[in-house]
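Enquirer: Here you go, sequence then predicted model.
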Amino acid sequence: MVVRKQQRGMSVMNILLMLALAAFLASTAFKVIPHYLDFMALEKMIVAIESPQGQGMTSPGDVYAYIEKGLTVNSIREFDLEKAMEVEQEGNDFLIKLNYERRENLIKNIDLVVKFEKEFRVRAPQ
């Protein structure tokens, strides 16, 4: 009987704690993952400048317009492109710097902060 008593398994309190932890992690993931998906969509838009879709881009203004259209198509809202992206032209190449952060409220006054920084050097097809 002593051995059977030691092998009873998890108590109800342990199960509730595990469920609470799983719910917290799921809530956090559901708040952070969309920001990463938006960033990946931005990366694809920037890299696509080198494809035939980017043909005819001759100035940083063209790049901003192209990315702005991509944001609309991908339903990325509340994104200030002028603050988050910097475009410099060097000959036929564009140096594009993405630098922004997104904040998501987690619990009352505790926020999740996700920061994205990346540089791209792309050449628009002629």
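Expert: That came in fine, so what should we check first?
Enquirer: hey, where'd the helices end up in the chain?
Expert: With helices called from DSSP state H, the chain shows them at 2-6, 12-47, 60-73, 81-84.
Enquirer: among these, which is the most enclosed?
Expert: With neighbours defined by mean count of other C-beta atoms under 10 Å, none of those is more surrounded on average than helix 60-73, at a mean of 15. (Each C-beta comes from the backbone N, C-alpha and C, glycine too.)
Enquirer: Show the pLDDT at the closest residue to Leu42 other than its chain neighbours.
Expert: Using C-beta to C-beta, 6 or more residues apart in numbering and skipping the chain neighbours, the partner closest in space to Leu42 is Leu98 (6.5 Å). Reported pLDDT at Leu98 in the predicted model: 94.
Enquirer: Quick check: Leu98 vs Phe79, distance?
Expert: For Leu98, the distance to Phe79 under the criterion C-beta to C-beta, to the nearest Å works out to 11 Å.
Enquirer: Same question for Asn109.
Expert: Asn109 sits 24 Å away from Phe79, going by C-beta to C-beta.
Enquirer: Next: Met57.
Expert: From Met57 across to Phe79, the span is 20 Å (C-beta to C-beta).
Enquirer: Counting neighbours, go ahead and name the busier of those two.
Expert: Neighbours of Met57 and Phe79, each counted by other C-beta atoms under 10 Å, are more numerous for Met57; the result is 21 against 15.
Enquirer: residues near the nearest residue to the more buried one once chain neighbours are set aside, how many?
Expert: Nearest residue to Met57, sequence neighbours excluded (C-beta to C-beta, 6+ apart): Ala124, at 4.1 Å. Residues lying near Ala124 (other C-beta under 10 Å) number 21.
Enquirer: Tell me where the model's unsure across this structure.
Expert: Counting by pLDDT under 70, the chain contains low-confidence ranges at 1-8.
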